[in-house]
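In: pasting the structure only:
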C-alpha cells in the first residue's frame, strides 16, 4: 500500500491514503464495442483504495454512473443459474415474511424483470436506470420505473404508491456512488416493519480467492459485513440476519430493517462479524498485500497462453462478462491469441470485448472455430458453462479457468 493521498472516502469523508488494488487503466468492463467504436474507445484509471477510518474499499477516478448504466448490455435472464437463484430466493422470502395479497414488493436495479416475475401475484415495482433493459421488462408486463435510486426516487414512489413491505437490492449497493443517498432512500421507502434484502459479493471471499477481476468501474464499493453495518446504522437501519451464498464467487445476503423494528438479531450476524475480525477486516492489516498477489495470477495466465499457442492450440473464451473483461485487460491478453468469445446474450454478439477487442459470437458458431481450449471468464458459473459447452469434448477440447490460478480440465 502506498501513502499517496487521493480523494476522500465516499462514506465518511476521510482522505484516502491506502491502495488496495491498482489495476491500471482500463475501458468500461460492460461496454462491448462495435467495430467502428474501437478507435475512439476510452479508458479510465481503475484503482481501489481502503479508507483507514471506516475500512470501506472503493474505487476512485470513477466514471459518472449515467455513462455506465443508461444503456446496458447485461440481461440477467441469460443465466440459467441466476434465474434459479432468484426463484429460490423469492419462494423462501415469501414464506419467511408471510407475503401475500396486499403486500408491496419493490426491486432496485430490477434489470429485465428476472426476479419480480416470481411475484406476479403481488403488487410490485421495478426500478431500473437502463432504459433499454427497463423497456424489455415493461414489455413483459413487469412494471418498471426508469430511474436511479436514492432519496428523491424513494419519495416519489411513496407518493405514487406507498411504502414497501419488501425491498430487494441484489448486487446494486456497490453500484451506487452516493451510498448515503441510496441507503437513505431505502430507509424512506421501507415500511415500519418491512425488510430490505441486499446481496453483494463478499469482500472476504474476494481477498481469499484473489478475485480482482470483480473490480471494475461500475462497482464503486467492495463490502464486508462490518462496513455495511456502519453504512446502514448511519441511515437508521440495522442488519438482523445474514446468509452466505455461493453466487458471484461468494456473496452475503443481508436482511435489514429499521433500527426500531421488532425483528430480533440472528446469531449469524455476530458469527460473521467474528469471521471478518479473524481475517483482520477490522484493521488495515487485512487489506495489505492483495495488490502484490495479483501479479502472480497475471503471470500464470500469460504463461499458459504462451505455452498453448506454442503447442498450436486454438484458444477461445466463453462469457463476455464484466469480470472477464477486467481480467483480460489487467493481463494484457486479447485478440488474436484468443480468437473469439462466445456469449448467449444477442445484444453482445457481433461486438468486440472492450480493450482486448476479441469478437463476440453466438455459441451456435462454436463448431466453426472448434477451439482446443475454452477459457471460462465468468468462473462463478463455470459448472453451468461446462455443461452447456460440453460438445468441445468431442474434438478433445479443454476448459480453462484462470483465477486464482490456471486450472485445465
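Out: Thanks, I have it. Note that the structure is a prediction, hence the values are computed from the model and not measured.
In: just checking, what packs against the helix ranked longest in the chain?
Out: In the chain, taking DSSP state H as the definition, the longest helix is helix 290-310. Applying 3 or more C-beta pairs under 8 Å, 6 or more residues apart in numbering; DSSP states H and E, we find helix 290-310 packed against strand 18-26, strand 315-318, helix 322-331. Yep, even glycine has a C-beta here, placed from its N, CA and C like the rest.
In: Return the set of buried residues in it.
Out: Neighbour counts using 16 or more other C-beta atoms under 10 Å place 290, 291, 294, 297, 298, 300, 301, 302, 304, 305, 308 of helix 290-310 among the buried residues.
In: Same check on stretch 246-258?
Out: 247, 248, 249, 250, 251, 252, 253, 254, 255, 256, 257, 258.
In: Figure out how far that stretch is from the centre of its chain.
Out: Its chain's C-alpha centre and that of stretch 246-258 lie 12 Å apart, by C-alpha atoms, centre = their mean, to the nearest Å.
In: Am I right that residue 358 is in contact with residue 351?
Out: No - applying C-beta atoms under 8 Å, one finds residue 358 not in contact with residue 351, separated by 10.0 Å.
In: More neighbours: which of those two?
Out: The neighbour comparison of residue 358 against residue 351 (other C-beta atoms under 10 Å) goes to residue 358, with 26 against 22.
In: Look up how far residue 248 lies from residue 390.
Out: Relative to residue 248, residue 390 is positioned 24 Å away (criterion: C-beta to C-beta, to the nearest Å).
In: Could you do residue 113 as well?
Out: Residue 113 is 20 Å from residue 248, by C-beta to C-beta.
In: coming back round to it: just the buried residues of helix 290-310 now: which is nearest residue 335?
Out: Proximity of the buried residues of helix 290-310 to residue 335 (C-beta to C-beta) peaks at residue 305, which lies at 12.1 Å.
In: Let me see the contact set for that closest one.
Out: If you count contacts by C-beta atoms under 8 Å, 6 or more residues apart in numbering, residue 305 has them with 315, 333, 337, 338.
In: which SS class is residue 255?
Out: Classification of residue 255 using DSSP: H, G, I helix; E, B strand; the rest coil returns strand.
In: Looks like it contacts residue 194 (just checking).
Out: No - the pair residue 255 / residue 194 is not scored as a contact, 10.8 Å apart, by C-beta under 8 Å.
In: okay, and the common contacts of those two?
Out: Common neighbours of residue 255 and residue 194 (C-beta under 8 Å, 6+ apart) do not exist.
In: between the top strand by length along the chain and helix 322-331, how many degrees?
Out: Secondary structure of the chain per DSSP state E: the longest strand is strand 190-201. Inter-element angle recorded for strand 190-201 and helix 322-331: 40 degrees (by axes from the mean of the first three to the mean of the last three C-alpha atoms, to 10 degrees).
In: Residue 326 and residue 122, how far apart?
Out: Residue 326 is 37 Å from residue 122, by C-beta to C-beta.
In: Also residue 41?
Out: For residue 41, the distance to residue 122 equals 43 Å [C-beta to C-beta].
In: The two - which one has more neighbours?
Out: residue 122 (17 against 14).
In: No further questions, thank you.
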